[in-house]
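Q: Turn this into a structure:
(one chain, ligands or ions: 1)
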Amino acid sequence: MAFLNDHYLKLKAGYLFPEIARRVNSFMETNPEAAKRVIRCGIGDVTEPLPGAVIAALHKAVDELADRATFRGYGPEQGYDFIRHAIAENDYRARGIDIADDEIFLSDGSKCDCGHILDVLGDDNFVAITDPVYPVYVDTNVMAGHTGPADEFGAFEGLIYLPCRAENGFVPEIPKRKVDVVYLCYPNNPTGAVATRAQLEAWVRYAEQNEAILLFDAAYEAYVSDPEIPRSIFEIPGARSCAVEFRSFSKNGGFTGLRCAFTVMAKELNARTKSGELRPLHPLWQRRWSTKSNGVSYPVQRAAEALYSPEGKAQVAELIAHYMGNAAILRQAVVDAGLEVYGGVNAPYIWVRTPEGINSWDMFDMMLEEANIVVTPGSGFGSNGEGYFRISAFNSRANAEEAARRIREMSW
Ligand code: MLT
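A: Below is the predicted model of the structure:
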């Protein structure tokens with residue numbers, strides 16, 4: 001009899017978003033009339049069609065693959081030079097950030113990258129995560145055997161939880177103890193908070209002093225409109241030797257269905273072997289991709305490249321303006337309803353305190369039953385998310401306006 005990976009059995013319930021989908025489907029089956037009115041502001045999935053520049057690039061790439069003269073088979077596992085160059089040039093060097101083309105590693109999504117990165121890190125690290133948090137950071141560590149079981153509140157033994165509350169602006173305090181790996185996500189999912197330059201500088205200093213690695217998820221960087229707020233951890237001096245950045249085309253180019261993202265790992269990033277020797281991670285990450293992947297499909301890489309063309313950039317800006325317009329509408333509705341609200345200014349998520357005495361899942365049910373709006377219960381992101389719910393601004397304008405109208409009309 002083969003053995004299974006016992007660590008999977010420690011995971012509490014289903015993954016948050018399938019669990020929400022299950023509850024919504026069950027509501028819709030038993031309430032067919034209300035089902036027609038349901039507006040989904042739960043998972044942060046884009047709704048608007050792909051930008052025109054992307055569609056044109058996809059068609060062109062498919063035509064190339066249809067012709068013997070321009071056909072391509074396996075590409076470089078880490079991504080074609082053209083896209084690695086476009087990313088490093090536009091997202092980094094054009095903003096004065098020193099990143100080389102071969103420090104970009106293309107993938108099919110940041111969610112996957114968050115799990116894959118554990119391949120090149122040891123099993124004995126003290127891992128810190130914020131609470132609330134994007135559940136993937138936690139669950140991938142559980143699956144990899146980096147934790148003990150969960151307690152009654154869902155906190156896993158061995159993980160270090162960094163509370164993010166309204167009082168600290170949802171940016172965790174620097175830990176007093178030594179940790180080895182820290183997950184940070186700014187603009188933040190789920191709270192919509194942003195971290196200031198001074199706060200990120202403090203984290204980089206901490207990482208330098210403790211030989212820690214920051215895993216910085218910048219999937220929502222395109223939503224930052226405040227010029228004072230860093231969009232990349234590599235804007236902070238010293239980050240090249242202590243941080244990995246996760247970036248995605250899902251939320252800027254609308255690639256949630258197309259799939260393309262990347263990690264940035266500088267060559268100065270070192271970690272220790274079990275015997276204490278300092279070694280760079282870049283060759284390991286390079287090797288990981290060569291062995292375990294054949295990369296992202298050629299048409300998708302061309303599609304991603306098109307986002308950096310002048311038309312592509314303008315079309316991305318329109319998409320961001322659209323979703324942030326929704327965020328403003330939804331945020332105002334929540335304010336008008338008299339609720340305490342955070343985020344939704346430099347991020348597409350609005351984080352709302354539930355009314356006194358109502359927990360996150362009860363609020364989820366109330367929103368679904370009374371207003372036929374799907375939200376995400378804050379407790380699904382960790383125990384410090386209890387007493388909050390998240391509204392996603394990824395929607396059509398008509399749905400955002402209708403959801404706002406219903407929120408104002410609810411019996412708060
Ligand atoms: C979310 O709703 O939190 C995101 O869509 C999750 C993701 O990007 O995987």
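
Q: quick one, what contacts the residue of the stretch 301-412 of the chain found nearest the ligand?
A: Nearest to the ligand in the stretch 301-412 of the chain, going by Cβ to the nearest ligand atom, is Ser392, at a distance of 6.1 Å. Heads up, the C-betas are built off the backbone N, CA and C, glycines and all. With contact taken as Cβ atoms under 8 Å, 6 or more residues apart in numbering, Ser392 is in contact with Cys41, Gly42, Ile43, Gly44, Asp45, Pro348, Tyr349, Ile350, Val375, Thr376.

Q: Now rank the residues you listed by neighbours and give me the top one.
A: When neighbours are counted by other Cβ atoms under 10 Å, Ile350 leads the contacts of Ser392 with 30 neighbours.

Q: The strand or helix carrying that residue close to the ligand?
A: Here Ile350, judged by DSSP states H and E, is contained in strand 349-353. No - shown here: strand 349-353 not in contact with the ligand (Cβ under 6 Å from any ligand atom), separated by at least 7.7 Å.

Q: Show me what the helix or strand just after that strand is packed up against.
A: The helix or strand immediately downstream of strand 349-353 is helix 360-366, counting by DSSP H and E. Secondary-structure packing of helix 360-366 (3 or more Cβ pairs under 8 Å, 6 or more residues apart in numbering; DSSP states H and E): strand 376-377, strand 388-392.

Q: can we see that at 6 Å?
A: strand 376-377 (3 or more Cβ pairs under 6 Å, 6 or more residues apart in numbering; DSSP states H and E).

Q: Packing partners of the strand holding Ile350?
A: helix 310-336, strand 341-343, strand 388-392.

Q: which residues of the stretch 101-250 of the chain fall in helices?
A: In the stretch 101-250 of the chain, the segments counted as helices under DSSP state H, counting those that start in this stretch are 110-116, 135-143, 197-210.

Q: Out of those helices, flag the one nearest the ligand.
A: helix 110-116 (4.7 Å).

Q: re earlier: for the strand holding Ile350, output the C-alpha coordinates as CSV.
A: This file holds the C-alpha atoms of strand 349-353, laid out as CSV (Å, rounded to 0.1, in the frame of the first residue of the first chain):
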residue,chain,number,x,y,z
TYR,A,349,-10.5,45.1,-2.0
ILE,A,350,-12.8,46.8,0.5
TRP,A,351,-12.5,45.5,4.0
VAL,A,352,-15.5,46.1,6.2
ARG,A,353,-16.1,45.6,9.9
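
Q: What pairs with it, parallel or antiparallel?
A: strand 341-343 (antiparallel), strand 388-392 (antiparallel) (DSSP bridges).

Q: quick one: contacts of it?
A: The contact list for strand 349-353, computed with Cβ atoms under 6 Å, 6 or more residues apart in numbering, reads 190-192, 330-331, 334, 339-344, 388-391.

Q: now with 7 Å?
A: 44, 189-192, 327, 330-331, 334, 339-344, 387-393 (Cβ atoms under 7 Å, 6 or more residues apart in numbering).

Q: Name only those of those residues that count as buried.
A: 44, 189-192, 327, 330-331, 334, 339, 341-344, 387-393 (16 or more other Cβ atoms under 10 Å).

Q: Next, the distance between the ends of stretch 337-344.
A: 16 Å (Cα to Cα, to the nearest Å).

Q: Low-confidence regions, the chain specifically.
A: Applying pLDDT under 70 to the chain picks out residues 13-14.

Q: Run a quick neighbour tally on Leu319.
A: Neighbours around Leu319, by other Cβ under 10 Å: 19.

Q: Report the spatially nearest residue to the most centrally placed residue in the chain, omitting neighbours in sequence.
A: The residue lying closest to the centre of the chain (Cα atoms, centre = their mean) is Ala219, at 4.7 Å. Nearest in space to Ala219, with sequence neighbours left out and distances taken as Cβ to Cβ, 6 or more residues apart in numbering, is Ser248 at 4.3 Å.

Q: Quickly note the distance from that neighbour to the ligand.
A: 7 Å (Cβ to the nearest ligand atom, to the nearest Å).

Q: dump the residue contacts of the closest residue to Cys112 other than its chain neighbours.
A: Excluding its sequence neighbours, the residue lying closest to Cys112 (Cβ to Cβ, 6+ apart) is Ala261, at 7.7 Å. Counting by Cβ under 7 Å, 6+ apart, Ala261 makes contact with Ser107, Asp108, Gly109, Ser110, Asp113, Arg247, Ser248, Phe249, Ser250.

Q: Can you read off the backbone torsions of the closest residue in space to the third one that isn't next to it in sequence?
A: Leaving out its chain neighbours, the residue that sits closest to Gly109 by Cβ to Cβ, 6+ apart is Ala261, at 4.9 Å. Note on Ala261: its backbone torsions stand at phi -150, psi -180 [degrees, to the nearest 10].

Q: Spell out the secondary structure type for whichever residue of the chain sits closest to the ligand.
A: In the chain, the residue that lies nearest the ligand is Gly44 (3.3 Å; Cβ to the nearest ligand atom). Secondary structure, DSSP: H, G, I helix; E, B strand; the rest coil: Gly44 is coil.
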